[in-house]
Each structure stands twice: as structure tokens, then as C-alpha cells.
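*Asks:* pasting the sequence and the predicted coordinates here, then a few questions.
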Amino acid sequence: AAAFERRVLRSAAEHHYPRVLLELPDGGARPNAAQFKQLVVTALRELHGEVGAALPVDVLTYEEKTLSAILRVISSGLVKLWSALTLLGFYQNRRCAFRVLQFCLFFLSPNQTSPFLLALSGNSRELVL
């Protein structure tokens, strides 16, 4: 009989840096950087309670024009952050959706995040060889 062995590989990186996009299909007021951060904390609180809201998440960059941001989250909190953003459906009583985008210097699927901030500096889909 073949033996089954389960192996779980974890990144040694302390933080992950997902690039996220907030979609507001009906237009209207756009959140500023402070409101964007509060929206992220609200999403964490709604899904994971006060423990989720206490998760250290930083907004490293935010572009109000495109509603995109680069977040920094401790690696152990990545799943909580991703799930909270995915399930958030409203901002100021308007429909909204977060999309996690990732463009790296090396090839990853668009749904992955990177533990390396440098990986966010380029877009592998636009790489010319």
C-alpha cells in the first residue's frame, strides 16, 4: 500500500503585498486614502469580528483616480484579508467589489499575491523578450 504524506509549504516572508482594486459600478463619490483604509478595516470586522479588525493591514499606496492600492498584511493574515475583501458588497449603501490584482516580474496566476514588494514593480503580461 502506498503511504500518503501531506506537505504544507509556507512562505518564509513576513508580509504579503496584494494589489487591490475597488470597483464602484454606479460611480459617485470616491473614497480618499483614509476612507479606503477604513473600508478595509470594516470588511475585516464584518467577517472576522474584532479579531479581524485588529489585523495589521497597511495601505502602502493608494490611487484615488483608479481606486487601486497596494496593501501590506502579515502572511498569517492574508487569507482573512482576502476573504473579507471578497465578501464585502457595499460602500456607503452602494454596490462595490474588491478585486485582488497581481502583476509580478515573474509569472504567477492573476489571483496570487506576492510576498515580495519588488514583484509589484512590473507587469509580466507586458514583458517584451
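*Replies:* Structure's in. What do you need?

*Asks:* what is the mean pLDDT for the helix or strand that contains residue 40?
*Replies:* Assigning secondary structure by DSSP states H and E places residue 40 in helix 33-53. The average of the pLDDT scores along helix 33-53 is 95.

*Asks:* which residues touch that helix?
*Replies:* Here helix 33-53 makes contact (Cβ atoms under 8 Å, 6 or more residues apart in numbering) with 22, 31, 55, 57, 59, 62, 64, 67, 69, 71, 80-81, 83-85, 87-88, 91, 98. For the C-beta atoms, the positions are set from N, CA and C on the backbone; glycine is no exception.

*Asks:* for the chain, what spans make up the helices?
*Replies:* 33-53, 78-87 (DSSP state H).

*Asks:* same for the last one, what does it pack against?
*Replies:* So that's helix 78-87. The contact analysis (3 or more Cβ pairs under 8 Å, 6 or more residues apart in numbering; DSSP states H and E) places helix 78-87 against helix 33-53, strand 97-101.

*Asks:* quick one: which of the ones you listed is nearest residue 17?
*Replies:* The closest of those to residue 17 is strand 97-101. By Cβ to Cβ, the value is 11.1 Å.
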